[in-house]
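In: Structure, please.
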Amino acid sequence: MQKLKILNENGESMEFGMHSPYLLSHIEGLGIPQGEIYSTQAPGQDGSTFHDLLLGERDVSTRVTIMCKDRKELYFERKKLMSLLMPKQKLTLLYTNDYKTFRTYACINEGVDFKERI
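Out: Predicted coordinates for the structure are as follows:
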């Protein structure tokens, strides 16, 4: 079982998992980000001298289904979700699976996109 908990800097949080109203159906981008090696090579040197490895950015994307009994409740939950995921807020993501819980920090670089309108 997997679940994702998002906490914003105002102390508000929301959990997505296998329970309503927020069903987590897809998450990607939690792997190790690409790294960029910094090294130098002196004249006549075989190979190069390693200095540092900097990790790049990581794009985490999710797909969540909002399950509600009526349209009024659906729009209430959508508004709550959008207020939590406002751009320019620092977020903490807690991803839990059957093995353990992983924590990472995030920010919103793309807005919340509602694919289907009811």
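
In: This protein: strands as residue ranges?
Out: In order along the chain, the chain carries the following strands (DSSP state E): 3-8, 13-16, 22-28, 35-40, 49-55, 61-66, 91-96, 101-106.

In: Columns mean neighbour count, mean pLDDT and distance to Glu77 on top of those, output as JSON lines?
Out: C-beta: built from backbone N, CA, C; applies to glycine. JSON lines is the format used below for those (neighbours: other Cβ atoms under 10 Å; pLDDT from 0 to 100; distance: least, Cβ to Cβ, whole Å):
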{"stretch": "strand 3-8", "mean neighbour count": "18", "mean pLDDT": "90", "distance to Glu77": "14"}
{"stretch": "strand 13-16", "mean neighbour count": "17", "mean pLDDT": "90", "distance to Glu77": "10"}
{"stretch": "strand 22-28", "mean neighbour count": "14", "mean pLDDT": "86", "distance to Glu77": "8"}
{"stretch": "strand 35-40", "mean neighbour count": "10", "mean pLDDT": "93", "distance to Glu77": "39"}
{"stretch": "strand 49-55", "mean neighbour count": "10", "mean pLDDT": "93", "distance to Glu77": "35"}
{"stretch": "strand 61-66", "mean neighbour count": "15", "mean pLDDT": "84", "distance to Glu77": "5"}
{"stretch": "strand 91-96", "mean neighbour count": "17", "mean pLDDT": "90", "distance to Glu77": "18"}
{"stretch": "strand 101-106", "mean neighbour count": "12", "mean pLDDT": "86", "distance to Glu77": "21"}
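
In: Format those as CSV; extra columns: distance to Leu85.
Out: Converted to CSV, these look like this (distance: least, Cβ to Cβ, whole Å):
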stretch, distance to Leu85
strand 3-8, 7
strand 13-16, 9
strand 22-28, 12
strand 35-40, 28
strand 49-55, 24
strand 61-66, 10
strand 91-96, 8
strand 101-106, 10
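
In: so which of those gets nearest Arg78?
Out: Taking Cβ to Cβ, strand 61-66 is the member of the strands of the chain nearest to Arg78, at 6.5 Å.

In: Send me the closest one as CSV with only the CA atoms.
Out: What follows is strand 61-66 as a C-alpha-only set of coordinates in CSV (Å, rounded to 0.1, in the frame of the first residue of the first chain):
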residue,chain,number,x,y,z
SER,A,61,4.2,14.1,-10.5
THR,A,62,1.0,12.5,-9.2
ARG,A,63,-2.4,11.5,-10.4
VAL,A,64,-5.2,11.7,-7.8
THR,A,65,-8.8,10.9,-8.1
ILE,A,66,-11.3,12.9,-5.9
